[in-house]
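Enquirer: Predicted coordinates and the sequence they were generated for:
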Amino acid sequence: MNKSKFHIKTWGCQMNEYDSARIADLLETLGMSATEEPADADLIILNTCAVREKAAEKLFHQLGRWKPLKQDRPDLIIAVGGCVASEEGRRIRSRARIVDIVFGPQTYHRLPEMIRRVRSGDGPQIDVSFPANEKFGALPANRSRKVSAFVTIMEGCSHFCSYCIVPYTRGGEVSRPVSEILDEVKTLRDSGAREINLLGQNVNCFRGLNDDGTVCSFAELLYRVHQIDGIRRLRFTTSNPIEFTDELIAAIGDLDKIADSLHLPVQSGSDRILKLMNRPYSADDYRLMVAKVRAVKPSVLISSDFIVGFPSETDEDFEETMRLIRDIRFDNSFSFIYSKRPGTPAATMDDPLPLDAKKERLARLQQLINTYGMQYSRELHGTLQQVLVEGRSPDGVLMSGRTSTSRIVHFPGDDDLIGRMTGVRIAKVLPHCLIGEAQTNP
């Protein structure tokens, strides 16, 4: 495998992005190098997401586009990983004979051995098992050189929302040991990271073990990461209202490195729909959580997830969601039309609402949230914002970074600002970014 090349295509959430980066780290230890062009690769990996409807069909369409590459070069290895691989398993091979390896989110550390077996003529390799926490100990050091870096602290979900396939594709909740997480953060810090994003399907459900065998809560972990010198900013996603504790809210207020942006998925503002979703909180419970967060951190902006057109959602249910949005004044959202996932309880529920009605509701919801988001951005005009500089803007002309509220800011400057927290006066507000002038370089 020396001097051979790999290409990774990633679909899905930040955890998929993290997994793909760690797969790249693993393959580089084998002497392989990354390429942006599938046609130049000796190994092609598709890391998939199963959250949305027709995820499997999207997978097979992509494999169809790669089929000519395999026909021209039979020794090319094609691998499918991630949540669709976990969901579909051996069915992937039965529909796409060009696939040599199928692996799940918990088994990508076994890729070197699976690649070796394919190269040795042992035939296709399939491993979609759920070995708890085994992969993290088997992976090389995180080689990210980014200013803002991701660290997965726990995986899986044990809450079984009626619409969600994650518990079936990633397994139950498993938390990493605390020392392992802190070591990874320090390694990233030494490689230039100044912002750490802690990741988990339900990140605030973290229950990792300390070295003495005691259990560490997510709030306690935040204090531990906060103490690491050189880390300037902390973010975390995705939180779950089910275990958004007063202890966590107190930590958000206490720790000044925690960013002024919080992603707290609510899914619906209708108590009836929340119950059908198996989300054991009410809209008023959610309002109270947000009020408590804003009491300890008034500068925080709230983003959320919404599912529109859940089975049996009425006009009244949707208006309750709109009322919640007006009450909270969300900054941003990941909002989608309900997507039926096979094997989930919601997939068997009656869904009489026409697609056009769902699209109309989604458009109204997104328009309202976008209005609030733009208002928050306009309020920054003329203010001095602390921007963590991550690199150059896409055109390469300006420097680029993010505010604590996650606004992208472009401004004139030199590369020596990368990795530094820089004061930037906001001069112009655009729909998707801010333009500013650097004022100070603390």
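Expert: That came through, no problem.
Enquirer: Could you list the low-confidence segments of the chain?
Expert: 1-3, 53, 440-442 (pLDDT under 70).
Enquirer: how about the helices of it, start to end?
Expert: 14-28, 55-72, 83-88, 91-95, 111-119, 134-138, 166-169, 178-190, 218-226, 246-254, 271-276, 283-296, 315-328, 355-378 (DSSP state H).
Enquirer: buried stuff in the fourth one?
Expert: Read that as helix 91-95. Of the residues in helix 91-95, 92-93 count as buried by neighbour count, 16 or more other Cβ atoms under 10 Å. All C-beta spots, glycine's among them, are computed from the backbone N, C-alpha and C.
Enquirer: Quick one: list the elements packing against it.
Expert: Judged by 3 or more Cβ pairs under 8 Å, 6 or more residues apart in numbering; DSSP states H and E, helix 91-95 is in contact with no other helix or strand.
Enquirer: CA-only coordinates of it in PDB, if you can.
Expert: Extracted in PDB, the C-alpha atoms of helix 91-95 (Å, rounded to 0.1, in the frame of the first residue of the first chain):
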ATOM      1  CA  ARG A  91     -27.300  -5.800   1.100                       C
ATOM      2  CA  ILE A  92     -24.800  -3.300  -0.200                       C
ATOM      3  CA  ARG A  93     -22.700  -6.100  -1.700                       C
ATOM      4  CA  SER A  94     -25.800  -7.800  -3.100                       C
ATOM      5  CA  ARG A  95     -26.700  -4.600  -5.000                       C
END
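Enquirer: Need the winner for burial among the helices of the chain.
Expert: helix 83-88 (a mean of 25; mean count of other Cβ atoms under 10 Å).
Enquirer: how about CSV for the helices of the chain, with distance to Thr344 added?
Expert: Supplementary listing: these in CSV, determined by distance: least, Cβ to Cβ, whole Å:
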stretch, distance to Thr344
helix 14-28, 19
helix 55-72, 13
helix 83-88, 11
helix 91-95, 18
helix 111-119, 29
helix 134-138, 26
helix 166-169, 8
helix 178-190, 31
helix 218-226, 26
helix 246-254, 28
helix 271-276, 12
helix 283-296, 22
helix 315-328, 19
helix 355-378, 18
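Enquirer: Quick one: closest of those to Gly419.
Expert: helix 178-190 (10.6 Å; Cβ to Cβ).
Enquirer: ok now that closest one, how far from the chain's centre?
Expert: Computed by Cα atoms, centre = their mean, to the nearest Å, the chain-centroid distance of helix 178-190 equals 19 Å.
Enquirer: okay, the angle between that helix and helix 218-226?
Expert: When axes from the mean of the first three to the mean of the last three Cα atoms, to 10 degrees is applied, the directions of helix 178-190 and helix 218-226 differ by 40 degrees.
Enquirer: name the helices or strands packed onto helix 178-190?
Expert: Judged by 3+ Cβ pairs under 8 Å, 6+ apart, helix 178-190 is in contact with strand 148-152, strand 207-209, helix 218-226.
Enquirer: want to try a markdown table for those, with distance to Lys67 as columns?
Expert: Below are the helices and strands packed on helix 178-190 laid out as a markdown table (distance: least, Cβ to Cβ, whole Å):
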| stretch | distance to Lys67 |
| --- | --- |
| strand 148-152 | 32 |
| strand 207-209 | 43 |
| helix 218-226 | 44 |
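Enquirer: I'd like to know which of these lies nearest to Val308.
Expert: Val308 sits nearest to strand 148-152 of all the helices and strands packed on helix 178-190, at 28.2 Å, using Cβ to Cβ.
Enquirer: And for Ser335, the neighbour number?
Expert: 19 (other Cβ atoms under 10 Å).
Enquirer: Surely it touches Ser303?
Expert: No. Look at Ser335 against Ser303 with Cβ atoms under 8 Å: they stay out of range, at 10.3 Å.
Enquirer: measure the residue sitting furthest away from the middle of the chain to Leu43 for me?
Expert: Most distant from the centre of the chain: Gly121, at 36.3 Å, with distances by Cα atoms, centre = their mean. According to Cβ to Cβ, to the nearest Å, Gly121 and Leu43 sit 16 Å apart.
Enquirer: next one: Leu26
Expert: 12 Å.
Enquirer: right, and the helices of the chain - which one's nearest Val128?
Expert: Nearest of these (Cβ to Cβ): helix 83-88, 4.8 Å.
Enquirer: Identify the residues contacting that closest one?
Expert: For helix 83-88, contacts defined as Cβ atoms under 8 Å, 6 or more residues apart in numbering pick out 12, 16, 48-51, 55-56, 59, 92, 102-105, 128, 165-166, 168-170.
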